[in-house]
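Asks: take this sequence and fold it.
(chains A, B, C and D)
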2 protein chains.
Amino acid sequence: MKDYKQEVSKGCERCIWNNSCIGSKLLEYAPYIKIFQSHILSVNDHVFNTGDTLSTLYVIKSGAIKIYVTNHSGDEQILNFSLPNDVIGLDGYDSDQYVSSAIALQTSSVCAIPLVEVKKILNEVVPEWLLKLALDNFKRHGRNISLLNKKKAKSRMAAFLIDTADNCKSLGCSGKNFELSMSRDDIGNYLGLASETVSRTLTQLQQEGWVKMERRQVTIVDIPHLSEAAQHR
Amino acid sequence: MKDYKQEVSKGCERCIWNNSCIGSKLLEYAPYIKIFQSHILSVNDHVFNTGDTLSTLYVIKSGAIKIYVTNHSGDEQILNFSLPNDVIGLDGYDSDQYVSSAIALQTSSVCAIPLVEVKKILNEVVPEWLLKLALDNFKRHGRNISLLNKKKAKSRMAAFLIDTADNCKSLGCSGKNFELSMSRDDIGNYLGLASETVSRTLTQLQQEGWVKMERRQVTIVDIPHLSEAAQHR
DNA sequence: CGGCGTGTTGATGTATGTCAAGCGGAGTGG
DNA sequence: CCACTCCGCTTGACATACATCAACACGCCG
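Replies: Now for the predicted structure:
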């Protein structure tokens, strides 16, 4: 997807998504932007890969694209199935790499929007705090999925504890020692487990020596092992 | 939470979140806005309820708030645990009611921002297409959670089919008849099920007479029953 | 002390994962 | 055009993780 033969400036006017597509709206707003011609993808062609330099957003024009991440033991986790009119590639907005991969499920076509231009406009127009609000939501979305799609209770609990610890740390506390504000029931509801399972899993994690628990008071002892458990689906 | 005694304009300057809080940023941006004094909540106090008129956003100053929805058979589904500095209440932005409920898990305090003012600024400043992008993401987030937190395979599949049908409909097709672009493997991965379970569940749904399937071609026959199945956790 | 809410632990049932075999359509090559 | 193969899907048999039901322990508060 390196070479674009033709700009789409003209194409947009004839595109069936012209009225709803981000790309054409962007063009109205800043006509000087170069949006590149819809690119045809065959089944199993990648639009981008995790770790690739993030320089382009894509708007799907036709087909279907699978968005997924791969953990370091090679398991694939699908985040989303994106359809025409969806924008993909935004998830790494504040890093400079894609944090997910995108692959075509059908013959598809996408239009490419240079991210630099989008960023420029965003920075000019949108107050920083607002951008942060939107981005935070983006990230939470990803985190949530990765919590819920684990198959084993142990992985979910481990992921939940790490997530909670991270949240706590970003609020200024140690990150190893914190208090859960919710009941086992609530945790179970959130993670899709019975509260008894939450209880059992927590004692199990204690027996492994990875955490210590005293009622709702949590101490994380062995972060490496806990993280590893959280990776397993 | 109807009466606010005191504006927080002064309070913001002394608040520990002053530099990162949306409220204070908003004030810098539009000093005329009235943000209301941090309000103290006891355990199990509601911040807002599903269906309440959406007129206020809340920024959490201290404590922890549980965000949840209740389906019509009364089951609670927790969407999130929100912590200090989080903004809550945005999820119904483009309707005029809250679409979730918020309840304090601990003694907490929140500041109230009138949504009218935020909307006014957003509309002035942020291009409509951009707003749509952010909101769409919001909604997808909610949909995803409600897919993944079902306990039974049948509910997940039903919810998945309905969701897919809706997506399809919003792209202009019938909404009763569509083609899945992904394999059973992918569906299983996405829903956290084995592909065999996906297969079995689909044949089960067919035997119930709720859908017809021909390879990846889906026909939804009995929407009421399917929707009902999708509700059950 | 007694009652209540919350959490733990045990016994049992069940839904779903796993392994394995077989089916059927789509594409390929003869 | 037919046979062959491959891949995705289905179906069955079995194993297992988790839900459910139930009893009980603990801290909290009156």
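
Asks: got the CA positions of the strand or helix carrying A:Lys25 in CSV?
Replies: Using DSSP states H and E, the element containing A:Lys25 is helix A:22-29. Written as CSV, here are the backbone C-alpha positions of helix A:22-29 (Å, rounded to 0.1, in the frame of the first residue of the first chain):
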residue,chain,number,x,y,z
ILE,A,22,-15.1,11.2,6.9
GLY,A,23,-12.8,11.7,4.0
SER,A,24,-15.1,13.9,2.0
LYS,A,25,-16.1,15.9,5.1
LEU,A,26,-12.4,16.4,5.7
LEU,A,27,-12.0,17.6,2.1
GLU,A,28,-14.8,20.1,2.5
TYR,A,29,-13.1,21.4,5.6
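
Asks: so where is chain A shaky, pLDDT-wise?
Replies: A:1-10 (pLDDT under 70).

Asks: pull the contacting residues for the closest residue to DNA strand D within chain A.
Replies: Closest contact between chain A and DNA strand D, by Cβ to the nearest atom of the strand, is at A:Thr197 (2.9 Å). (Glycine included, C-beta is placed from N, CA and C.) Shown in contact with A:Thr197 (Cβ atoms under 8 Å, 6 or more residues apart in numbering or on different chains): A:Ala153, A:Gly188.

Asks: tell me the SS of it?
Replies: helix (DSSP: H, G, I helix; E, B strand; the rest coil).

Asks: part of a strand, is A:Ala158?
Replies: No. Going by three-state DSSP, the assignment for A:Ala158 is helix, not a strand.

Asks: that one reaches A:Ile223, doesn't it?
Replies: No. With contact defined as Cβ atoms under 8 Å, A:Ala158 does not reach A:Ile223; the gap is 10.2 Å.

Asks: ok, these two, which is more surrounded?
Replies: A:Ala158 (26 against 15; other Cβ atoms under 10 Å in any protein chain shown).

Asks: number of nearby residues for the closest residue to A:Val47 other than its chain neighbours?
Replies: Sequence neighbours aside, A:Ala102 is the residue nearest to A:Val47 in space, at 3.9 Å (criterion: Cβ to Cβ, 6 or more residues apart in numbering or on different chains). Using other Cβ under 10 Å, A:Ala102 has 26 other residues around it.

Asks: isn't A:Ala102 right up against A:Lys66?
Replies: Yes. Between A:Ala102 and A:Lys66 there is a contact at 7.0 Å, judged by Cβ under 8 Å.

Asks: joint contacts of those two?
Replies: Common neighbours of A:Ala102 and A:Lys66 (Cβ under 8 Å, 6+ apart) are A:Ser82.

Asks: now do the contacts for the residue nearest to A:Val47.
Replies: Per Cβ under 8 Å, 6+ apart, neighbours of A:Ala102: A:His46, A:Val47, A:Phe48, A:Tyr58, A:Ile65, A:Lys66, A:Ile67, A:Tyr68, A:Ser82, A:Ile88, A:Gly89.

Asks: which of the residues you listed fall within strands?
Replies: A:His46, A:Val47, A:Phe48, A:Tyr58, A:Ile65, A:Lys66, A:Ile67, A:Tyr68, A:Ser82, A:Ile88 (DSSP state E).

Asks: which ones are touching the first one?
Replies: This means A:His46. Contacts of A:His46 (Cβ under 8 Å, 6+ apart): A:Ser101, A:Ala102, A:Ile103, A:Ala104.

Asks: 10 Å instead, please
Replies: A:Met1, A:Asp52, A:Ile65, A:Ser101, A:Ala102, A:Ile103, A:Ala104 (Cβ atoms under 10 Å, 6 or more residues apart in numbering or on different chains).

Asks: so which residue is dead centre in chain A?
Replies: A:Gly142 (3.7 Å; Cα atoms, centre = their mean).

Asks: give me the phi and psi for it.
Replies: Dihedral angles of A:Gly142 (phi, psi; degrees, to the nearest 10) stand at phi -60, psi -40.

Asks: wait, A:Lys139 sits on A:Leu133?
Replies: No. Under the criterion of Cβ atoms under 10 Å, A:Lys139 makes no contact with A:Leu133, lying 11.3 Å away.

Asks: looking at those two, which is more packed in?
Replies: The residue with more neighbours, out of A:Lys139 and A:Leu133, is A:Leu133; 18 against 13, by other Cβ under 10 Å.

Asks: isn't that one up against B:Ile88?
Replies: No. Between A:Leu133 and B:Ile88 there is no contact under Cβ under 10 Å: 11.5 Å.

Asks: and the helix or strand hosting A:Ser227, what does it pack onto?
Replies: According to DSSP H and E, A:Ser227 maps onto helix A:223-231. Here helix A:223-231 touches helix A:128-148, helix A:153-170, helix A:195-207, strand A:211-214, going by 3 or more Cβ pairs under 10 Å, 6 or more residues apart in numbering or on different chains; DSSP states H and E.

Asks: redo that, cut-off 6 Å
Replies: Under the contact definition 3 or more Cβ pairs under 6 Å, 6 or more residues apart in numbering or on different chains; DSSP states H and E, helix A:223-231 sits against helix A:153-170.

Asks: CA atoms only for the helix it packs on - export them in CSV, please.
Replies: Coordinates of each C-alpha in helix A:153-170 appear next as CSV, following Å, rounded to 0.1, in the frame of the first residue of the first chain:
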residue,chain,number,x,y,z
ALA,A,153,-11.4,-17.2,34.9
LYS,A,154,-7.8,-17.0,36.0
SER,A,155,-6.7,-14.9,33.0
ARG,A,156,-9.7,-12.6,33.5
MET,A,157,-9.0,-12.0,37.2
ALA,A,158,-5.3,-11.5,36.5
ALA,A,159,-6.1,-9.0,33.8
PHE,A,160,-8.6,-7.3,36.0
LEU,A,161,-6.2,-6.9,38.9
ILE,A,162,-3.4,-5.6,36.6
ASP,A,163,-5.8,-3.2,35.0
THR,A,164,-7.1,-2.0,38.4
ALA,A,165,-3.5,-1.6,39.6
ASP,A,166,-2.7,0.5,36.5
ASN,A,167,-5.7,2.7,37.1
CYS,A,168,-4.7,3.1,40.6
LYS,A,169,-1.1,4.0,39.7
SER,A,170,-2.2,6.6,37.3
